[in-house]
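> Quick one: sequence plus predicted model below, questions after.
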Amino acid sequence: MSMRKFLTISGLVLLATALHARETAVLRNGFGIPHDHRQQLGATTRLFLTTSEQEYVDVRSDDIASFEKEEIAPPSPDQGVKATTPNVQISASLQDIVEKASRENQLDSDFVHAVIRAESNGKANAVSPKGAQGLMQLMPQTAAKLGVRNSFDPGENVSAGTKYLRDLLARYQNDPIRALAAYNAGAGRVQQYHGVPPYKETRAYIASIIRDFNRRKLEQARVAKNSRKSIQASAANRPPIGD
């Protein structure tokens, strides 16, 4: 199953979240979904992610272990390149690199772009305080295992990082939340906590990627809708054939 299909059918396309929510729904898989308010709909709980009623995610009530009054702070400025700037512009050449790597690994390119923005803000020469390098912030030992010669080469870095993401998704049965947690905190921590580790940085990291992915999908849907309206309006104003 491709990441594009999985993210769509699972509803994660709507998993945008505010980092200063009043309450967090703690799922049985260990992931927490911060939200503004909620509504019970039969066997489903609707979590409204902001004060707006238009951004929400439906979760099976049985999958929710508890609700906690908790604030998840965004990453502090001293976390180096991990701080996220969602609106970073992607160059045409990087766009092509991501599209190619995404096709080869059956991932949604918007998902890969979101990871790149969260990891390096789109900077090919980025180095984290822990030594992670390049666009997808590969640790030297990970890069070596993936056959990377130069982590600062955009093509090599994105190709290897995308393959690593695909491997993590396969390991976690196409669960993007656990895959992202492992990418950020390490597979050992995911195994230790049987899900997303209770680290504010990791939870904020996952939330930022899903929010960024969601933003792109909503914008694409808006553009497509406006395009359809334009075509329909043009057709309605076109004189009948034969007049």
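Right, received. Where do you want to start? Numbering: from 1, shown residues only.
> Report the contact partners of Glu23.
By CB atoms under 8 Å, 6 or more residues apart in numbering, the contact set of Glu23 is Pro34, His35, Asp36, His37, Arg38, Phe67, Glu68, Lys69, Glu70. All C-beta spots, glycine's among them, are computed from the backbone N, C-alpha and C.
> Output these as CSV; include the columns neighbour count, pLDDT and distance to Asn125.
What follows is the contacts of Glu23, written out as CSV (neighbours: other CB atoms under 10 Å; pLDDT from 0 to 100; distance: CB to CB, whole Å):
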residue, neighbour count, pLDDT, distance to Asn125
Pro34, 22, 71, 33
His35, 24, 75, 37
Asp36, 19, 79, 39
His37, 15, 85, 43
Arg38, 17, 90, 43
Phe67, 15, 86, 43
Glu68, 11, 80, 40
Lys69, 8, 73, 42
Glu70, 13, 52, 36
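> So which of those residues sit within strands?
Those of the contacts of Glu23 mapping onto strands are Pro34, His35, His37, Arg38, Phe67, Glu68, per DSSP state E.
> My read is that the last one contacts Thr24, right?
Yes. Counting by CB atoms under 8 Å, Glu68 does reach Thr24; the two are 4.9 Å apart.
> before we move on, the earlier item: among the ones in strands among the contacts of Glu23, which two are most distant?
Comparing all pairs in these by CB to CB, the longest separation belongs to His37 and Glu68, at 14.6 Å.
> low pLDDT regions in the chain?
1-22, 29-32, 49-50, 52, 54-56, 70-92, 240-243 (pLDDT under 70).
> hmm, 80 instead?
1-24, 26-36, 48-59, 69-92, 233-243 (pLDDT under 80).
> would you list every one of the strands in it?
With DSSP E as the criterion, the chain has strands at 23-27, 32-35, 37-41, 44-48, 56-60, 64-68.
> right, so of these, which gets closest to Arg171?
strand 23-27 (19.1 Å).
> Direction included, what does that closest one pair up with?
Strand pairing for strand 23-27, using DSSP bridges, gives strand 32-35 (antiparallel), strand 64-68 (antiparallel).
> Please produce a markdown table containing those strands, extended by distance to Ala187.
Output for the strands paired with strand 23-27, formatted as a markdown table (distance: least, CB to CB, whole Å):
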| stretch | distance to Ala187 |
| --- | --- |
| strand 32-35 | 20 |
| strand 64-68 | 23 |
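> Count the residues that sit near Arg222.
Neighbour count for Arg222, taken as other CB atoms under 10 Å: 10.
> typo on my end, it should be Ala170
Look at Ala170: counted by other CB under 10 Å, it has 10 neighbours.
> The closest residue to Ser66 other than its chain neighbours: neighbouring residues, count only.
Distances taken as CB to CB, 6 or more residues apart in numbering place Val26 nearest to Ser66, at 4.9 Å, with adjacent residues excluded. Neighbour count of Val26, defined by other CB under 10 Å: 16.
> what packs against the longest helix along the chain?
In the chain, with assignment by DSSP state H, the single longest helix is helix 200-237. With contacts defined as 3 or more CB pairs under 8 Å, 6 or more residues apart in numbering; DSSP states H and E, helix 200-237 has these neighbours: helix 109-120, helix 176-185.
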